[in-house]
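Enquirer: below is the sequence, then the predicted model.
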Amino acid sequence: MGKSQLSLTVAVCLSVGALNPAYGADLARRLTAEVERVHEKAKYDLVSLGAVKRYRGSTFLVLKRKYAPGLVSLDDFSHVMVFYWFDRNDTPEKRSILQGHRPGKKDPLTGIFATRAAVRPNLIAFSTCKIVSIRDNIVEIDGIDAFDDSPVLDLKPYIPRNDSYPEAQIPEWAGGRRRR
């Protein structure tokens, strides 16, 4: 089964509710085995578009000049989602951390995918930032929780109707309200 066939199989299973626990663990085992077989040796190449730079109290996303045409019309948006690499955390040990507690907090033990921690199997981070200005290959933003020189992987416009879910719920330990 190729990647597109696997994607179709998963999509069909999801659409008919086949991944519901009521359908049994056999399907989950088969799908997991197929994903592991297909992706066993898969490698994906990422390119750095540029880097985060700080200068005299301002924060900039300085893209390589060849990516400047990709910024056309981005200034029509007020905010941008910046995807970057947590390069200062890139060690095999930190990539293998799958559970933990927030430092100094009494949170329950959580899986890394239930956190925004900087340690994870793939060190991709993103922040939504206000666009201050765009000139040539440089986007000035109002700040970001990335280190200076962190590699920028991608930029996407923030679109409230697509990127905001007011009805979303978060657990109380993460600052949410107790469910009624």
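Expert: Cool, got the structure. Residues are numbered from 1 along each chain as shown.

Enquirer: quick one: low-confidence parts of the protein?
Expert: Residue ranges of the chain with pLDDT under 70: 1-24, 178-180.

Enquirer: show me the domain layout of this protein.
Expert: Domains of the chain are assigned by automatic domain parsing as 3-38, 50-162.

Enquirer: just say which of those domains is most tucked in.
Expert: Per-stretch averages of neighbours, counted by mean count of other C-beta atoms under 10 Å, single out domain 50-162 among the domains of the chain, with a mean of 14. Heads up, the C-betas are built off the backbone N, CA and C, glycines and all.

Enquirer: how far off centre is it?
Expert: 9 Å (C-alpha atoms, centre = their mean, to the nearest Å).

Enquirer: repeat for stretch 151-170
Expert: Counting by C-alpha atoms, centre = their mean, stretch 151-170 comes out at 10 Å from the chain centroid.

Enquirer: same check, this time on stretch 42-60
Expert: With C-alpha atoms, centre = their mean, you get 15 Å for stretch 42-60.

Enquirer: ditto for stretch 37-57
Expert: Taking mean C-alpha positions (C-alpha atoms, centre = their mean), stretch 37-57 and its chain are 11 Å apart.

Enquirer: quick one, helices of this structure?
Expert: Counting by DSSP state H, the chain has these helices, from start to end: 3-15, 25-38, 92-95, 160-163.

Enquirer: which of the domains of the chain sits closest to Tyr44?
Expert: Proximity to Tyr44 (C-beta to C-beta) singles out domain 50-162 among these, at 9.2 Å.

Enquirer: surely Ser48 meets Asp154?
Expert: No. The pair Ser48 / Asp154 is not scored as a contact, 10.2 Å apart, by C-beta atoms under 8 Å.

Enquirer: follow-up on the earlier one: so which of the domains of the chain is nearest Glu172?
Expert: The nearest among the domains of the chain, by C-beta to C-beta, is domain 50-162 at 10.0 Å.

Enquirer: between the two ends of that closest one, how far is it?
Expert: Using C-alpha to C-alpha, to the nearest Å, one end of domain 50-162 lies 26 Å from the other.

Enquirer: just stretch 115-124 next, same as before
Expert: OK, stretch 115-124 end separation, C-alpha to C-alpha: 13 Å.
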